[in-house]
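>>> Can you look at this prediction? I've put the sequence above it.
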Amino acid sequence: MAPPAIIAPSILSADFANLGEECSRTIKQGADWLHVDIMDGHFVPNLTFGPPVVVKIRSHVEKPTQRYGKGTFDCHMMIAEPKKWVKEFKKAGCDLYCFHYEAAISSTAAESPEDSSELKTSPRELIRYIHDQGMLAGIAIKPATEVDVLWDVLDSPHEKERPDMVLVMTVEPGFGGQKFMASVLPKVEALRERYPDLNIEVDGGLGPGTIDQAADAGANVIVAGSAVFGAKDPAEVISLLRDAVNKRSTGKL
Ligand SMILES: O=C(CO)[C@@H](O)[C@H](O)COP(=O)(O)O
């Protein structure tokens, strides 16, 4: 059993020449959030865009009026220095800042003299910092990262150090249109068993053919890029994804 469905189309598969319109249309078609993929060419071998583009698309989508509400900009930060961009993305209109565990720990461990100590941080400190800037905080893990690394933040005695969402990648981050990796679903099951009320997001290869497996495992926040933006009827796909999750949901958020 999971909290209610949140459907977050990934705008990586949208028409970048008409991004503002694509975003507002997707929300009108029933999407709850927009999943905004930020890639820096270092943490992942691909580049997308930065704060100026987020500012522009924000003006096409109304800000959410409540926590986790419609129009939430769910920024998936596939970047090597997640702390560096927190304030910029808050200013640009990001509502949920989801960083990668792997990036946070490697900036913590960075030892080169050129590394600014300003950028070194632990996952707990980073979550606190994101919360202090007034955003929701998410933490993401790649397919090869064990789920156990998340217990430290999820079990923190300090609310500000606990994430609002965990993202379990169901493909290697970097590109849309890849094949769903069902082999990572035991991580979702383990998270759901320990944290019945946690928002668990899955990202990569999700669509009508894979949603049942993800929903059975306990995921409730569903990212879908090509399945939504490539559909003849995106509203129908969004509603199918939502129904699949809500059939298994507790109704509690
Ligand atoms: O973060 C990523 C890729 O790194 C995703 O958000 C993809 O953009 C999802 O695309 P589909 O697999 O749904 O096409």
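Structure's in. What do you need? A quick note: this is a predicted structure, and the numbers were derived from the prediction, not measured.
>>> these two touch, right, R242 and G30?
Yes - the criterion here is CB atoms under 8 Å, and R242 meets it with G30 at 7.4 Å. To be clear about C-beta, it is placed using only N, CA and C from the backbone, and glycine gets the same treatment.
>>> Which residues of the stretch 51-200 of the chain lie near the ligand?
H76, V171, P173, G174, F175, G176, G177, Q178 (CB under 6 Å from any ligand atom).
>>> So what's the residue count around the fourth one?
Put plainly, it is G174. 17 (other CB atoms under 10 Å).
>>> For I238, see how far away the residue of the chain found nearest the ligand is.
The nearest approach of the chain to the ligand comes at G225, 3.0 Å away (CB to the nearest ligand atom). Counting by CB to CB, to the nearest Å, the gap from G225 to I238 is 12 Å.
>>> just M77 next, same as before
With CB to CB as the criterion, M77 and I238 are 24 Å apart.
>>> so what's in contact with G225 and I238 at the same time?
P9 (CB atoms under 8 Å, 6 or more residues apart in numbering).
>>> Could you name the specific helix or strand carrying the residue nearest the centre of the chain?
Centroid-nearest residue in the chain: H76, 4.8 Å away (criterion: CA atoms, centre = their mean). Assessed by DSSP states H and E, H76 sits inside strand 72-78.
>>> got the contact list for the very next helix or strand once past that strand?
Sequence-wise, the next helix or strand downstream of strand 72-78 (DSSP H and E) is helix 86-92. With contact meaning CB under 8 Å, 6+ apart, helix 86-92 is reached by 38, 50-52, 54-55, 58, 75, 77, 97, 126, 129-130, 133-135.
>>> Also stretch 226-240?
Against stretch 226-240 from outside (CB under 8 Å, 6+ apart): 7, 9-11, 13-15, 22, 26, 29-31, 176-177, 206-208, 211, 224, 241.
>>> Give me the buried subset of those residues.
7, 9-11, 13-14, 22, 26, 29-31, 176, 206-207, 211, 224, 241 (16 or more other CB atoms under 10 Å).
>>> Which members of those residues are positioned in strands?
I7, P9, A224 (DSSP state E).
>>> sorry, back to before: okay, now the sheet partners of the strand holding H76, with direction.
Paired strands of strand 72-78, with direction, are strand 33-39 (parallel), strand 96-100 (parallel) (DSSP bridges).
>>> Skipping its backbone neighbours, what lies nearest A31 in space?
P9 (5.0 Å; CB to CB, 6 or more residues apart in numbering).
>>> tell me which helix or strand of this protein sits lowest on mean pLDDT?
Ranking every helix and strand in the chain by mean pLDDT, DSSP states H and E puts helix 101-109 at the bottom, with a mean of 83.
>>> Would you agree V166 falls within a helix?
No - applying DSSP: H, G, I helix; E, B strand; the rest coil, one finds V166 to be strand, outside a helix.
>>> For it, give the beta-bridge partners.
Beta-bridge partners of V166, as defined by DSSP bridges: I139, I200.
>>> Run a quick neighbour tally on it.
Other residues close to V166 by other CB under 10 Å number 26.
>>> check contacts around it.
With CB under 8 Å, 6+ apart, V166 has these contacts: G138, I139, A140, I141, L150, L154, L191, L198, N199, I200, E201.
>>> For E22, which non-adjacent residue is closest in space?
With CB to CB, 6+ apart, the residue lying closest to E22 is A14, at 4.0 Å.
>>> measure the one you found to G20 for me?
For A14 relative to G20 (CB to CB), the value is 10 Å.
>>> cool, T121 as well?
Taken as CB to CB, the span from T121 to G20 is 33 Å.
>>> again, but for E161
For E161 relative to G20 (CB to CB), the value is 35 Å.
>>> again, but for P173
Taking CB to CB, one finds P173 at 25 Å from G20.
>>> How about A244?
29 Å.
>>> again with E189
38 Å.
>>> show me what contacts the residue of the chain closest to the ligand?
By CB under 8 Å, 6+ apart, the neighbours of G225 are P9, S10, I11, L12, S13, H35, G176, G177.
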